[in-house]
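Visitor: this one's sequence-less:
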């Protein structure tokens, strides 16, 4: 008998034995995966940054927006006066006229935001945001609706709804709570009563509902290399098509409420469908935030769509106060104002190595006409934000509004 092969065999048996024992808990059951909703997930190396393009192309010298922009979708933490001062300095540099802060909150949180931000309410305004805790308890709807009315009375300029509806919040029986749930009807009616917009994010990019792997463009861009968080494939969450149906039902059920659907309604991959939704539902608008990477890779289609629905589109970034002007804000203006080609999109997220996680490609400008640009930058938003009309007029100065 050959000793070395036999020893190798024994070693292999030992390894298998150890592996088997590790795979069993003391009760004999299999060990739980680190990602129980993605039991087959395997980490892979992080994606690197985009390669540098060798194309020699025109680059428009653009440093700030052509007109004062109302960013209808922004997330800021501004607990102190100096935070407002710093934020407004960035806004002035970028050409942003007004920020709509989606982190206004309710109750004491909203009161604190309004108190600290009062001297700057011509530049930074706050939207209320529900507290979902207790939604399955009796009286939650009445309590929250009453607080929302108080919020509007003390200065909140709208209501922000995050993607918890349809993806996170559950009923006591384990089913998901959707945006057309009857418990939410009083909130939408309260917004109509006070003529305040609902800025609502439901569903998510389509790629999040597809398998993790090379065929998924978000994976190729760099998402889900070390952690599958945020991917909904076979995790139990409703499919995006189901969530869309609940959203359309909500909008149709409340014709007097103005709904602004975040992120091009989370259907920028299919602008024809997005347009048909707007055609069917006259009380819905769409804002553009965090989907410029998708709009900019289909510039011909996007330009036609933006011009056709110029009265129904609002500008937004889904940004935060730590974003740099040149890296984040300027690509938005370059996309909307110029015919520049093949430039980096305003990446919402970058990997640790610099990969643009929401799209491993570059985008192209759509050079919108001035009359369309004005509507998307500020005119459409002013329909719902009369409190900042004078501020925008002042910032326009001698320019035609």
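Guide: Perfect, thanks for sending it. Worth saying up front: this structure is predicted, and the values here are computed from it rather than measured.
Visitor: Residue 48 - that's part of a strand, no?
Guide: No. Under the criterion used here (DSSP: H, G, I helix; E, B strand; the rest coil), residue 48 is coil, not part of a strand.
Visitor: Look up the pLDDT of it for me, please.
Guide: Residue 48 is assigned 95 on the pLDDT scale.
Visitor: Neighbouring strands of the lengthiest strand in the chain in the sheet, and parallel or not?
Guide: Once the chain is assigned using DSSP state E, the strand that runs over the most residues is strand 96-105. Using DSSP bridges, strand 96-105 pairs in its sheet with strand 69-75 (parallel), strand 124-128 (parallel).
Visitor: can you give me the offset of it from its chain's centre?
Guide: Offset of strand 96-105 from its chain centre (CA atoms, centre = their mean, to the nearest Å): 14 Å.
Visitor: quick one on the thing from earlier: for the strands paired with strand 96-105, which one sits closest to residue 225?
Guide: Closest approach to residue 225 among these (CB to CB): strand 69-75, 24.8 Å. Where you see a C-beta, it was placed from the backbone N, CA and C, and this is true even at glycine.
Visitor: just the angle between the helix or strand just after that closest one and strand 124-128, please?
Guide: Later in the chain than strand 69-75, the nearest helix or strand by DSSP states H and E is helix 81-94. In terms of direction (axes from the mean of the first three to the mean of the last three CA atoms, to 10 degrees), helix 81-94 departs from strand 124-128 by 110 degrees.
Visitor: other SSEs contacting helix 81-94?
Guide: Under the contact definition 3 or more CB pairs under 8 Å, 6 or more residues apart in numbering; DSSP states H and E, helix 81-94 sits against strand 96-105, helix 107-117, strand 124-128.
Visitor: now with 10 Å?
Guide: strand 69-75, strand 96-105, helix 107-117, strand 124-128, helix 330-337 (3 or more CB pairs under 10 Å, 6 or more residues apart in numbering; DSSP states H and E).
Visitor: okay, and the helix or strand of this protein with the least pLDDT?
Guide: Taking mean pLDDT, DSSP states H and E as the measure, helix 3-22 is the helix or strand of the chain with the lowest mean score, a mean of 36.
Visitor: how about stretch 381-391: buried residues?
Guide: Residues 381-382, 384-385, 388, 391 are the ones in stretch 381-391 that count as buried (16 or more other CB atoms under 10 Å).
Visitor: typo on my end, stretch 240-254
Guide: Buried residues in stretch 240-254, counted by 16+ other CB under 10 Å: 240, 243-244, 246-248, 250-251, 254.
Visitor: Cheers, nothing more for now.
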